[in-house]
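Novice: following is a predicted model, sequence given first.
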Amino acid sequence: MDLIKEIILTLSDADKKEFEQFLSRKRPGAIRKDVKIFRDLFSLYNNTNKSKNELKGDQNYHAIRKRISKALTNFVILKKSIEEQKENKRDGMVLLVSYFIERNKFEAAWDLLNKEEKNAEKVNNIELNLKIQRLKLSILPYFNQELFPSIKTKMLDLQAKQSKLDEFQLYFIEIKNDLKLKIAEGSVESPTHIIRNALNRYKNLKTEYNNPIIHLKVIEIIRAAYIINRRFKIFAEVVQKYYDEFSKEAFENSSDINTFAQIEYIMSYTFLNTRNFKKSEEHLERLSRLMSQSELVKQNFQGKHMAIKSFIQVFQLKINEAIASSEEFLEREQNKISIKEYLNLSLNLSGYLITVGDYSKAIKILNFMSESDNYYQKNMGREWLVRKDMILAIVQTSLGNAELSLRIINSLEKKHGDMLKTEQYRMVEPFIRLFKNYIKNPQVVNQEDLSTFEEKIKLKKDRVFRDPRLIIFYAWMRSRYAKKDAYDILMEEYKKIA
């Protein structure tokens with residue numbers, strides 16, 4: 001394993017600058033080119049187009065690498081320690097208490113323990129609080145023995161809570177393993193009986209069936225298990241059965257409205273991805289009600305709600321409403337949603353705009369996305385970046401900038417060629433070939449050419465266009481080959497696979 005590479009790939013630009021300052025603190029001389037070599041390595045490992053390391057010829061290279069590796073390790077440990085202190089993770093202070101106890105400084109140790117106990121209770125850190133109580137017990141024979149009853153009571157209470165947390169972890173692993181067996185058998189039954197049987201085996205969890213956190217965790221386990229096996233429709237069927245069985249009882253518990261909101265969001269998104277918009281809307285409406293009851297829920301889910309709502313509108317012959325509501329939402333809530341949600345919604349909007357042929361508005365949105373590819377890849381992911389570049393190429397083509405469009409597509413292929421060869425993205429390359437063919441022969445291409453190509457690659461639309469976002473690209477492409485309106489084609493294709 002290349003430790004330097006693995007750490008560098010986790011560093012942001014701000015981290016890079018901070019590490020350079022950390023590395024320079026000893027003022028390396030002219031011969032020790034540590035900072036320069038680090039910068040070269042940072043560039044090398046973050047540049048997907050460059051594979052050969054040209055630094056190895058330097059006679060001091062390996063010695064410098066050792067120094068950089070050690071410095072990076074120390075930097076990450078120090079940074080992590082500072083972050084944990086900000087998050088009230090106080091294990092370091094416990095070590096200081098141990099230091100005082102070893103030297104019989106019991107009063108100083110006790111004062112620190114009382115302070116740390118308050119911090120632990122404030123953030124509900126059960127594990128740390130147990131450590132504090134054990135340290136207090138170790139001091140009691142020499143200091144404050146009259147406090148033994150209260151410490152004993154607190155310890156027993158904390159041990160029960162810790163035991164419950166440990167049982168949760170065991171329980172979720174058991175559920176995960178049982179679900180694997182059910183999936184292997186091809187079962188589409190609700191996992192409710194698995195869950196109830198497992199709960200009965202853990203004395204601290206027997207009464208927890210109505211706990212919303214349990215249900216959210218189980219849904220996430222089910223989703224991960226089925227999606228890894230690419231069984232999206234089966235997952236939707238299984239999760240709905242499970243939801244129907246637990247929701248009547250569990251939703252009476254209003255203790256964690258944010259958790260219920262997360263469940264409703266997952267359910268709505270699940271049915272969006274299987275193109276069951278009626279079911280998606282049902283769960284979206286429940287999410288809306290929860291948002292109206294809690295400002296926190298509204299803050300956490302309004303961007304996600306807008307994304308699903310606008311996609312459903314597109315496929316309900318309401319694309320102009322989807323565009324108008326998205327524009328109004330982004331203008332009104334820009335400073336209240338995360339940058340990731342803002343970028344996602346903006347890219348979705350640009351996709352709607354190319355479908356109705358409003359390329360001037362689409363290019364205005366895309367022009368604001370002016371950060372580097374590395375920035376978008378780290379913060380939004382490669383799939384999002386590919387989507388952005390494809391929409392940009394479509395817009396430039398439609399505005400008559402064919403050469404610029406070709407450069408964008410060629411760059412996309414070069415940067416993401418490895419990803420496009422995987423099963424999940426196998427239809428991107430055929431789309432690119434059709435796209436290039438259109439750019440070179442815009443007046444000549446026709447529907448027959450497109451149909452011949454689809455037969456050649458054995459296009460299975462029901463599988464390929466499971467994600468509603470992908471069919472938007474295809475609709476635009478077919479509109480160019482068939483010389484028809486892109487939105488009309490989008491709805492025509494949707495009806496074929498719905």
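Specialist: Sure thing, it's come through.

Novice: tell me how far Leu470 lies from Leu420.
Specialist: Note on Leu470: its distance to Leu420, by C-beta to C-beta, to the nearest Å, is 14 Å. From N, CA and C alone the C-beta is placed, and that goes for glycine too.

Novice: do the same with Tyr375
Specialist: Tyr375 is 21 Å from Leu420, by C-beta to C-beta.

Novice: who's more crowded, those two?
Specialist: Leu420 (19 against 14; other C-beta atoms under 10 Å).

Novice: surely that one and Val428 touch.
Specialist: Yes - with contacts counted by C-beta atoms under 8 Å, Leu420 reaches Val428, the gap being 5.0 Å.

Novice: overlap of the contact sets of these two?
Specialist: Residues touching both Leu420 and Val428 by C-beta atoms under 8 Å, 6 or more residues apart in numbering: Val386.

Novice: which residue ranges of the stretch 151-300 of the chain form helices?
Specialist: In the stretch 151-300 of the chain, the helices defined using DSSP state H, counting those that start in this stretch lie at 192-200, 212-228, 232-250, 257-273, 277-293, 295-314.

Novice: what does the longest one rub up against?
Specialist: By C-beta under 8 Å, 6+ apart, the list of residues contacting helix 295-314 from outside reads 257-258, 261, 265, 268-269, 272, 277, 280-281, 284, 287-288, 290-292, 319, 321-322, 325-326, 329, 333, 336-338, 341-342, 344-345, 348-349, 352, 355, 468-469, 472, 490.

Novice: how does it look with 7 Å?
Specialist: Contacting residues not belonging to helix 295-314 are listed as 257-258, 261, 265, 268-269, 272, 277, 280-281, 284, 287-288, 290-291, 319, 321-322, 325-326, 329, 333, 336-337, 341, 344-345, 348, 352, 468 [C-beta atoms under 7 Å, 6 or more residues apart in numbering].

Novice: secondary structure element holding the residue nearest to Asp15 when sequence neighbours are not counted?
Specialist: Distances taken as C-beta to C-beta, 6 or more residues apart in numbering place Lys79 nearest to Asp15, at 7.7 Å, with adjacent residues excluded. Secondary structure from DSSP states H and E places Lys79 in helix 61-86.

Novice: circling back to that earlier point, let me know which of the helices of the stretch 151-300 of the chain is tucked in deepest.
Specialist: helix 257-273 (a mean of 22; mean count of other C-beta atoms under 10 Å).

Novice: got the angle for that helix vs helix 212-228?
Specialist: 20 degrees (axes from the mean of the first three to the mean of the last three C-alpha atoms, to 10 degrees).

Novice: and helix 257-273, C-alpha only, in CSV?
Specialist: The C-alpha trace of helix 257-273 is given here as CSV (Å, rounded to 0.1, in the frame of the first residue of the first chain):
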residue,chain,number,x,y,z
ILE,A,257,-39.8,12.9,13.8
ASN,A,258,-36.6,13.4,11.9
THR,A,259,-36.1,9.6,11.7
PHE,A,260,-39.6,9.1,10.4
ALA,A,261,-38.9,11.8,7.8
GLN,A,262,-35.8,9.9,6.6
ILE,A,263,-37.8,6.7,6.3
GLU,A,264,-40.4,8.5,4.2
TYR,A,265,-37.7,10.0,2.0
ILE,A,266,-36.1,6.6,1.4
MET,A,267,-39.5,5.2,0.5
SER,A,268,-40.4,8.0,-1.9
TYR,A,269,-37.0,7.9,-3.6
THR,A,270,-37.3,4.1,-3.9
PHE,A,271,-40.5,4.3,-5.9
LEU,A,272,-39.2,7.2,-8.0
ASN,A,273,-36.3,4.9,-9.1
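
Novice: who does it touch, helix- and strand-wise?
Specialist: helix 212-228, helix 232-250, helix 277-293, helix 295-314 (3 or more C-beta pairs under 7 Å, 6 or more residues apart in numbering; DSSP states H and E).

Novice: repeat that with 10 Å
Specialist: For helix 257-273, the elements it packs on are helix 212-228, helix 232-250, helix 277-293, helix 295-314, helix 468-482, judged by 3 or more C-beta pairs under 10 Å, 6 or more residues apart in numbering; DSSP states H and E.

Novice: any idea how far Lys70 lies from Ile472?
Specialist: In this view, Lys70 and Ile472 are 50 Å apart by C-beta to C-beta.

Novice: between those two, who's got more neighbours?
Specialist: Using other C-beta under 10 Å as the criterion, Lys70 and Ile472 rank with Ile472 on top: 25 against 11.

Novice: and that one, what does it touch?
Specialist: If a contact means C-beta atoms under 10 Å, 6 or more residues apart in numbering, then Ile472 has 311, 314, 348, 351-352, 354-355, 387, 391, 394, 465, 486-487, 490, 493 as its contacts.

Novice: of all the helices of the stretch 151-300 of the chain, which one comes closest to Asn114?
Specialist: With C-beta to C-beta as the criterion, Asn114 lies closest to helix 212-228 of the helices of the stretch 151-300 of the chain, at 31.1 Å.

Novice: mean confidence for that closest one?
Specialist: pLDDT averaged over helix 212-228 equals 72, rounded to a whole number.

Novice: what is the rounded mean pLDDT of the helix or strand hosting Phe19?
Specialist: Phe19 belongs to helix 13-23 when elements are defined using DSSP H and E. Mean per-residue pLDDT for helix 13-23: 85.

Novice: buried residues in it?
Specialist: Within helix 13-23, the residues scored as buried using 16 or more other C-beta atoms under 10 Å are 15, 19, 22-23.

Novice: going by distance to Asn410, which of these wins?
Specialist: Relative to Asn410, and with distances defined as C-beta to C-beta, the nearest of the buried residues of helix 13-23 is Asp15, at 31.9 Å.

Novice: how many residues are close by the nearest residue to Leu399 once chain neighbours are set aside?
Specialist: With C-beta to C-beta, 6+ apart as the criterion, Leu399 has its nearest non-adjacent residue at 5.4 Å, and that residue is Tyr359. Neighbours of Tyr359 under the rule other C-beta under 10 Å: 19.
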